[in-house]
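K.L.:
only geometry, no sequence info:
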Ligand SMILES: [Zn+2]
């Protein structure tokens, strides 16, 4: 059996904190690089094999000139940033495969938590309404899939990538034929 393809991992600059939390919830191993300078961020990306996400055009240029993978995200909302990330990754041949959620706060792994363990730790209304709970194995944060989770997951659809063929411009010679739209 072929080993599973390694999933893309990200490192994001200090301006992208809310995007980092979302990417972690969608199951992407994402480092939030808040402290330190651009050189440190680039070193960390190279060392850990992470794709750099930045809102800083100058930093994006420096990354490209050093051969580091980077996607420039200067949009105003996380929804628009996620769409741009899907396009940017598609353009450089990176597939966005969502995985099991990580802790939004610290990026740690989540483990299921039994209801008995949960009861003293969450509001009674939350305890009554939900069946599945998870705890971060690093920071102890408890998660459940409430309305916030549903909203988040609808945003995750922005990461769905179009088939690679449709990313290229039409009419190029040597391209594989696409099936015709049956309508
Ligand atoms: Zn955590």
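P.N.:
That came through fine. The structure presented is a predicted model; accordingly, all values stated were derived computationally and were not measured. Numbers count the residues shown, from 1 in each chain.

K.L.:
for the rest of this, base every contact and every neighbour count on C-alpha atoms.
P.N.:
Noted.

K.L.:
shouldn't residue 134 be in contact with residue 122?
P.N.:
No - taking contacts as C-alpha atoms under 8 Å, residue 134 lies outside contact range of residue 122: 11.7 Å.

K.L.:
could you check which of those two is surrounded by more residues?
P.N.:
Taking other C-alpha atoms under 10 Å, residue 134 and residue 122 do not tie; residue 134 has more neighbours (21 against 14).

K.L.:
sec struct for the more buried one, please.
P.N.:
Using DSSP: H, G, I helix; E, B strand; the rest coil, the structure places residue 134 in strand.

K.L.:
the closest residue to it other than its chain neighbours in helix, strand or coil?
P.N.:
Spatially, and ignoring its direct neighbours in sequence, residue 134 is nearest to residue 112 (4.3 Å; C-alpha to C-alpha, 6 or more residues apart in numbering). Here residue 112 is recorded as strand under three-state DSSP.

K.L.:
next one: residue 119
P.N.:
Following three-state DSSP, the label given to residue 119 is helix.

K.L.:
mean confidence score for the lengthiest helix in the chain?
P.N.:
Longest helix in the chain by number of residues (criterion: DSSP state H): helix 78-91. Helix 78-91 shows a mean pLDDT of 96.

K.L.:
list the buried ones in that helix?
P.N.:
Within helix 78-91, the residues that qualify as buried are 78-79, 81-90, counting by 16 or more other C-alpha atoms under 10 Å.

K.L.:
grab the nearest non-local neighbour of residue 35.
P.N.:
residue 14 is the one closest to residue 35 (C-alpha to C-alpha, 6+ apart), at 7.7 Å.

K.L.:
that older thread, so can I have CSV of the buried residues of helix 78-91 showing distance to the ion?
P.N.:
Supplementary listing: these in CSV, determined by distance: C-alpha to the ion, whole Å:
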residue, distance to the ion
78, 21
79, 23
81, 24
82, 22
83, 26
84, 27
85, 24
86, 26
87, 29
88, 28
89, 27
90, 30
